[in-house]
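Q: take this sequence and fold it.
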Amino acid sequence: MKKLFLTAIAIIGFSISSNAQDIKFGFKGGLNFATLNGDNLRGNPDGRTGYHIGAVAQVSLAETIALQPELLYSAQGVKDVDIDYINIPVLLKLKFAKIFSVEAGPQFGFVVNEDLDNAFSGFVSNVETKNFDLSGAVGAGVEFGPFFGQLRYNFGFTDVIDIENLDTKNSNFQVSVGYYIF
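A: Now for the predicted structure:
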C-alpha cells in the first residue's frame, strides 16, 4: 500500500512540474450518503448522512485529460458507527463538450475519528477500525467557469472494522460543489 501511495504522489508531482501552465486549484464541499457493505452484515444498516470538505487540484495532461488529486475530510460510516477520514482520491478526468467530465481512480483513506461504542456494546468487545481504507471512485462533473459540481460513488476494497467473520467495506455517494480560486 505504501508503494502505491508513494507512486501516486510521484505521478502527481511529475504532472505538476511538467504541466505547470494549466493547473487549477480550488476548494469543494458537499454531502455524503454513506453506508457499509459486506458479507455477513445482518440486515441493511441505516446509512449515515455526513459531509466532506477539502481542496482539489486539476492538472491538465492533454486537452481533454486531466489528473485530479484531492485532499478531503469525509464523515462516513453508518448510524451509530461514525468513521471519519482524511481521503486522498487521485482521479483521471476525461472532459468532453467543454463543461462535462467523467472521472475514476483510487482513493486512499486514513481514519482520523471514530465512534463505534453504541453499535457494538453488549455483544462484541474491543472493536476497532482499521487505520487505512482503499477505495475506488467513479463520478461525473460539470464546470461553469470557476464553479463546478460533481457526483461521485466511492466503493471500498478493504474492510474498515476489525471483527472476525464480518466484512465491512465503505460505500459512499457524494454530491459536491466547488470553486477554483486559480
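Q: can you confirm residue 50 is in a strand?
A: Yes. Read with DSSP: H, G, I helix; E, B strand; the rest coil, residue 50 is one of the residues of a strand.
Q: on the strand side of things, show who the closest residue to it other than its chain neighbours bridges to.
A: What sits nearest to residue 50 in space, not counting adjacent residues and going by C-beta to C-beta, 6 or more residues apart in numbering, is residue 75, at 3.0 Å. Just so you know, the C-beta spots here come from the backbone N, C-alpha and C atoms, and that holds for glycine as well. Judged by DSSP bridges, the bridge partners of residue 75 are residue 84.
Q: OK, contacts around residue 75?
A: By C-beta atoms under 8 Å, 6 or more residues apart in numbering, the contact list for residue 75 reads 32, 34, 48, 50-52, 82, 84.
Q: between those, which is closest to residue 25?
A: Closest approach between the contacts of residue 75 and residue 25, by C-beta to C-beta: residue 52, at 17.4 Å.
Q: how close does the closest one sit to residue 129?
A: Here the criterion is C-beta to C-beta, to the nearest Å. By it, residue 52 lies 18 Å from residue 129.
Q: what about the strands in this protein?
A: Secondary structure of the chain (DSSP state E): strands located at 23-37, 48-60, 65-78, 81-96, 100-115, 132-144, 147-159, 169-180.
Q: elements contacting the second one?
A: Using 3 or more C-beta pairs under 8 Å, 6 or more residues apart in numbering; DSSP states H and E, the elements in contact with strand 48-60 are helix 2-18, strand 23-37, strand 65-78, strand 81-96, strand 169-180.
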